[in-house]
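**Q** quick check, what structure comes out for this input:
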Amino acid sequence: MDDANTSTDIRLREGSSIAQRLIVAGCAAAVALCFTPGLFTHDTMEIIISVVALLVGAGFVVGIMMVPAVVWIITPNEILIGRQSPFGKLRTRLVGKDEITALQVPGSKRVKARFQLVFTLTSGERLTSPPISDVTHVRDTVARIAAQFEVPNVEDPVNPLDASHPEMHLGEPLEPFPARDIWIVSLIAVALCAVPYAYKLWRGLSPTHVDILLLPLGAIAAFAVHRYANLVTGAFWIIRQADIRVERLWGDGSLRADHIQGGDVKTITVERRGRSEDEHCIVVIRLHSGRRFRSPRIGSRVEARAVATEIVRRLGIPAESNKI
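**A** Coordinates of the predicted model:
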């Protein structure tokens, strides 16, 4: 979203560029084509697998290429909506100020740092905008739109990443796993590894070396679960002025807190951690000491960049350290 203070318009975009789609579609097509040799064999199963793989690949390519790109331009008096498919014509629509009766800003259940504008028109139609990219200024953006369209009773969105808060929160407050759950999982690990050995004894058969080897592995797995289960609870970031508090749990469930200040930071980058660049981008902070801190998942690359920019501002980091 290009909603800088120097502009009176707010732009919201959704959909990848043609170049990005071609790259992803090309990779999908290349993977599907790897199965074509199976079509020239005499094995029925290989032919079926190859046909299914080619059909799935073709469907994936078509789905990627046919998703339309959407652009909203919100001006003080109207909303211009543009919608274009890669191989279709640009379709536009104008929504006047007098057509808008209500505005809501629901958050996403899947990605918490994602907010969309939902306008209700006099006709009863509801229009949902592309996501607001600058997730650190959602409250100001919504207040500005509500004021210019004179929409009453607009609730402030619940946004823990809003820059208007003295503390921005990334992730969820940490709680250790209940001791009972850890014990249950540990016992399940032991039981699963002991089942093959017990089954052989019950049938009057001699356990193999693999069956015997599984017994100590079950004990090791149970110990690992009991000792390190709380380490997988992730991290909780509290971003304040000139300081970031990073909370994590030790294996025994006790709280561990690290503090990051501007002078400690070497670089700040945005990275993808997962399958999709639309939902799995994070902020990575590297310190001069060599330590690296990875934030909880934020959302798309654009949303993660907005958070990283606010971190840079709050910590007072020099421009040369900012690689977002």
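**Q** and the strands in the stretch 1-150 of the chain?
**A** 10-14, 69-74, 78-84, 91-96, 100-104, 116-121, 126-131 (DSSP state E, counting those that start in this stretch).
**Q** tell me the helices and strands packed up against the second one.
**A** If I follow you right, that is strand 69-74. Using 3 or more C-beta pairs under 8 Å, 6 or more residues apart in numbering; DSSP states H and E, the elements in contact with strand 69-74 are strand 10-14, strand 78-84, strand 126-131. (Each C-beta comes from the backbone N, C-alpha and C, glycine too.)
**Q** got a markdown table for the strands of the stretch 1-150 of the chain, with distance to residue 202 too?
**A** Listed next are the strands of the stretch 1-150 of the chain as a markdown table, based on distance: least, C-beta to C-beta, whole Å:
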| stretch | distance to residue 202 |
| --- | --- |
| strand 10-14 | 59 |
| strand 69-74 | 62 |
| strand 78-84 | 65 |
| strand 91-96 | 69 |
| strand 100-104 | 62 |
| strand 116-121 | 58 |
| strand 126-131 | 57 |
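**Q** domains in the chain, by residue range?
**A** Domain ranges of the chain: 179-231, 234-321, per automatic domain parsing.
**Q** need the contact list for residue 117.
**A** 12, 103, 104, 105, 128, 129, 132, 142, 145 (C-beta atoms under 8 Å, 6 or more residues apart in numbering).
**Q** what about 10 Å?
**A** Contact analysis of residue 117 by C-beta atoms under 10 Å, 6 or more residues apart in numbering lists 10, 12, 72, 74, 79, 103-106, 127-132, 138, 141-142, 145-146, 157.
**Q** out of these, which end up buried?
**A** Buried members of the contacts of residue 117, counted by 16 or more other C-beta atoms under 10 Å: 10, 12, 72, 74, 79, 103-105, 127, 129-132, 138, 141-142, 145-146, 157.
**Q** helices along this structure, start to end?
**A** 18-33, 44-66, 138-148, 179-202, 209-228, 301-315 (DSSP state H).
**Q** the residue lying closest to residue 154 once chain neighbours are set aside and residue 160, how far apart?
**A** Among residues not flanking residue 154 along the chain, residue 146 sits closest, at 4.2 Å (C-beta to C-beta, 6 or more residues apart in numbering). Residue 146 sits 21 Å away from residue 160, going by C-beta to C-beta, to the nearest Å.
**Q** try residue 185
**A** Distance from residue 185 to residue 160, by C-beta to C-beta: 30 Å.
**Q** over to residue 304?
**A** Distance from residue 304 to residue 160, by C-beta to C-beta: 15 Å.
**Q** then residue 208?
**A** On the measure of C-beta to C-beta, residue 208 and residue 160 end up 54 Å apart.
**Q** more neighbours: the two, which one.
**A** residue 160 (16 against 12; other C-beta atoms under 10 Å).
**Q** can you list the weak-confidence ranges in the stretch 51-200 of the chain?
**A** 60-61, 63-65, 86-88 (pLDDT under 70).
**Q** hmm, try it at 80
**A** 51-54, 56-69, 84-90, 107-113 (pLDDT under 80).
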